[in-house]
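In: Take a look and give me a structure for this.
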Amino acid sequence: MLLEKRLCNGAPFYVLGPLPTDIAPGYDHLTSAIGGAIAGAAGADFLCYVTSSEHLRLPTLDDVREGIMATRIAAHIADIAKDLPGAWEKNFRMAGYRKELNWQGQIESAIDPERAGKLLEKSATAKEQGCTMCGELCAIKLGKGN
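Out: Reported below is the predicted structural model:
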C-alpha cells in the first residue's frame, strides 16, 4: 500500500475484492469483507463490494444487499483499525446497549437496523431479559446477579 501511494502521488486507491482465499464459492462476500478490512486497515481508500454469487451467477437484489452490508462492516472494521473519529464510539454505544440488554438501542445502533429488527421480532428475546441463545446462562444476567 505504501508503494502504491508513493507511485501514484497519494491518489485514492480502490481495491477489487480482495479475496484472501479462493476456496469459498457462495461465500465470496465474506472472504472479500475479510480481505477488504485488511486492505482498508492498510490504507486502501475504497472497497469493492462482492456478492455471494460472484463467479457463480448473476447476483439477485438480495445478493447485492448482502454484499454491500458485508463491505460496510469491513469498512467499519478498517476505520476502527485506523482509529478514525467516531468508529470506536459506535462500538462503545452498542456495547453499552448490550450490557443493559437494551434491545431497541441495539437495533437502532446496528449497521443494518432493518435486518437486526426482523431477526429480533422472530424470537422471544424482545420480551425477555436475556437473549434466547444463552437463556438462563446469559453472561450479562449472571454478572448482574439475576
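In: does the residue nearest the centre of the chain sit in a helix, a strand or a coil?
Out: The residue lying closest to the centre of the chain (Cα atoms, centre = their mean) is residue 73, at 2.7 Å. When classified by DSSP: H, G, I helix; E, B strand; the rest coil, residue 73 comes out as helix.
In: buried sites along the lowest-mean-pLDDT helix or strand in the chain?
Out: The weakest-scoring helix or strand in the chain, judged by mean pLDDT, DSSP states H and E, is helix 139-143 (a mean of 78). Buried residues in helix 139-143, counted by 16 or more other Cβ atoms under 10 Å: residue 141. Where you see a C-beta, it was placed from the backbone N, CA and C, and this is true even at glycine.
In: how far out from the middle of the chain is it?
Out: 25 Å (Cα atoms, centre = their mean, to the nearest Å).
In: ok so, going back, which residues are in contact with the residue nearest to the centre of the chain?
Out: Listed by Cβ atoms under 8 Å, 6 or more residues apart in numbering, the contact partners of residue 73 are 33, 37, 111.
In: Which pLDDT value belongs to it?
Out: Reported pLDDT at residue 73 in the predicted model: 98.
In: same question, the one 4 residues further on
Out: According to the prediction, residue 77 has pLDDT 98.
In: my guess is it contacts residue 39, does it?
Out: No. At 10.9 Å, residue 77 does not count as touching residue 39 under the criterion of Cβ atoms under 8 Å.
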